[in-house]
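Colleague: The following block contains a protein sequence and its predicted model.
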Amino acid sequence: MSTTKLVIVYYSSTGHNYQMARWAEEAAKAAGAEVRLLKVRELAPDAAIDSNPAWREHVDATQDIPVATRDDLAWADAIIWSAPTRFGVLAAQMKQFIDEQGGLWAAGKTVNKVVSAMTSAQNAHGGQEATLLSIYTIMMHWGAIIVPPGYSDSVIYASGGNPYGASATADGNGLTDELKASVQHQARRTLSIAAKLNA
Ligand SMILES: Cc1cc2nc3c(=O)[nH]c(=O)nc-3n(C[C@H](O)[C@H](O)[C@H](O)COP(=O)(O)O)c2cc1C
């Protein structure tokens, strides 16, 4: 059985989804996967970024993270998406990247990718489930195999009980150890399903 190839594709303005992506990367590497941690292109103008010091700081600090490409998605057996809530759906930056994959979809290369998604919102009930569903809706159109965490481990309860995917509350109080455990469980679970399908 070959090593599972995982891409973790994230968008983050102020670092929460980036941190979750890093946690997923750590767990996936520890599980023996071949992992690419990738961001999507920032689309907001500098004026918007500069209006929020935390946003500018994050953009500058993550300059060296490679930008995801179609080839990365084609390479992967599994994809973990991480994108913040924007009015209850995925951030436009992530949507734009996904919309650029029409060619990949048309070539049949999105079929049977094993996928799972993570998100954050400022409020505890600010739209996390809806955002994850917006990603999973796209994944159904891709013919991808969606792997939600469900209640497959006690860390799901401890981290807020969202069976759709790891969900942060980005309220300025920092991310919790329980969320980290939940992210890392989701990464391992995604890999384990991908390994079964690729056996
Ligand atoms: C345009 C916009 C819309 C947003 N909509 C919501 C929302 O509907 N509910 C919510 O709780 N937070 C909302 N937020 C807050 C973001 O979800 C929050 O800043 C993000 O999850 C932080 O993730 P990041 O640090 O990875 O960028 C919104 C933020 C922006 C800029």
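Modeller: Cool, the structure landed. Numbers count the residues shown, from 1 in each chain.
Colleague: where does the residue of the chain found nearest the ligand fall, phi/psi-wise?
Modeller: The minimum distance from the chain to the ligand, using CB to the nearest ligand atom, falls at Gly126 (1.9 Å). C-beta: built from backbone N, CA, C; applies to glycine. Main-chain dihedrals, Gly126, degrees, to the nearest 10: phi -90, psi 10.
Colleague: Give the buried residues for stretch 130-137.
Modeller: Using 16 or more other CB atoms under 10 Å as the test for burial, stretch 130-137 gives Ala130, Thr131, Leu132, Leu133, Ser134, Ile135, Tyr136.
Colleague: Output these as TSV; include the columns secondary structure, distance to Val89 and pLDDT.
Modeller: Shown next, in TSV, are the buried residues of stretch 130-137 (DSSP: H, G, I helix; E, B strand; the rest coil; distance: CB to CB, whole Å; pLDDT from 0 to 100):
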residue	secondary structure	distance to Val89	pLDDT
Ala130	helix	7	98
Thr131	helix	6	98
Leu132	helix	10	98
Leu133	helix	9	98
Ser134	helix	4	98
Ile135	helix	9	99
Tyr136	helix	12	99
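Colleague: Could you dump those residues into TSV with distance to Pro45 added?
Modeller: Listed next are the buried residues of stretch 130-137 as TSV, based on distance: CB to CB, whole Å:
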residue	distance to Pro45
Ala130	27
Thr131	23
Leu132	28
Leu133	29
Ser134	24
Ile135	25
Tyr136	30
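Colleague: So which residues on the chain come close to the ligand?
Modeller: By CB under 6 Å from any ligand atom, the residues of the chain that approach the ligand are 12-17, 84-88, 120-123, 126-127, 170.
Colleague: which strands and helices sit next to the longest helix along the chain?
Modeller: Ordering each helix of the chain by length in residues (DSSP state H) puts helix 177-197 first. Applying 3 or more CB pairs under 8 Å, 6 or more residues apart in numbering; DSSP states H and E, we find helix 177-197 packed against strand 5-10, helix 16-30, strand 78-86, strand 114-121, helix 154-158.
Colleague: average model confidence for that helix?
Modeller: Averaged across helix 177-197, the pLDDT comes to 98.
Colleague: I'm done for today, thanks for sticking with me.
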